[in-house]
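K.L.:
need coordinates for the following:
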Amino acid sequence: MGILNRIGKAIDALLQQENENYEKGVDFERYVVELFRKQEKYFAIHSWTGDLSDKYQGVRVESDSEPDLTIRYKPTDEKFAVECKYRSYLYNDKLCWTTREKLKDYRSFAQKNIIPTFIVIGLGGNPRNPEQMFCIPLEKAKYPELYPSVFRKFERDPRKSFFWKNGVLH
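P.N.:
This is a model prediction of the structure:
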């Protein structure tokens, strides 16, 4: 019975960690949305995916393979997509932000919809107050793991509202 108890505790710990990571992701998405909402004159949330696949194991919801947000820039009616990722720390000096499969999904979405797509990453601190933030164009996020030499070029103040200029999110 001792081994079964230990296995059960290990499974409980893994499920708790998975749930905590999911909650951090949702909190960071909300934080990013609030940065857009501060500029409601300029930005509208066109769509926000529900991540239902994570909630119902074994059920794949196609829209969950899309970026978290589609935003409309009101002055020009341009749309762009945003995938939000929060990471507490770098792993082996790299930013591990997604899987190869998800990266392929994001690229497919961007090409199919002919829409600029950006990866907004919060790093350190907590999801509602990250120490650092990066807004990386999808075409620059070529791999699921990024070195600082790639993502540091796209650092932005995590407390400032977003702005859109010449087809680029800042």
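
K.L.:
quick check: E155 touching F134?
P.N.:
Yes: assessed by CB atoms under 8 Å, E155 is found in contact with F134 at 5.5 Å. (Each C-beta comes from the backbone N, C-alpha and C, glycine too.)

K.L.:
the two: which is more packed in?
P.N.:
For E155 versus F134, neighbours defined as other CB atoms under 10 Å are more numerous around F134 (24 against 15).

K.L.:
isn't the more buried one up against G124?
P.N.:
No: with contact defined as CB under 8 Å, F134 does not reach G124; the gap is 11.4 Å.

K.L.:
count of neighbours near E23?
P.N.:
Neighbours of E23 (other CB under 10 Å): 11.

K.L.:
SS state for it?
P.N.:
helix (DSSP: H, G, I helix; E, B strand; the rest coil).

K.L.:
same question, Q39
P.N.:
Relying on three-state DSSP, one would call Q39 coil.

K.L.:
list the contacts for it?
P.N.:
Listed by CB atoms under 8 Å, 6 or more residues apart in numbering, the contact partners of Q39 are S161, F162, F163.

K.L.:
where neighbours are concerned, which of those has the most?
P.N.:
F162 leads those on contacts (other CB under 10 Å) with 21 neighbours.

K.L.:
that one should be in a strand, yeah?
P.N.:
No: per three-state DSSP, F162 lies outside any strand segment and is coil.

K.L.:
next SSE downstream of the helix or strand bottoming out on mean pLDDT in the chain?
P.N.:
Ranking every helix and strand in the chain by mean pLDDT, DSSP states H and E puts helix 52-55 at the bottom, with a mean of 51. Downstream of helix 52-55, the next assigned helix or strand under DSSP states H and E is strand 69-73.

K.L.:
which of the residues in the helix or strand that that following strand is followed by are buried?
P.N.:
Once strand 69-73 ends, the next helix or strand along the chain (criterion: DSSP H and E) is strand 78-87. Neighbour counts over strand 78-87 (16 or more other CB atoms under 10 Å) mark K79, F80, A81, V82, E83, C84, K85, Y86, R87 as buried.
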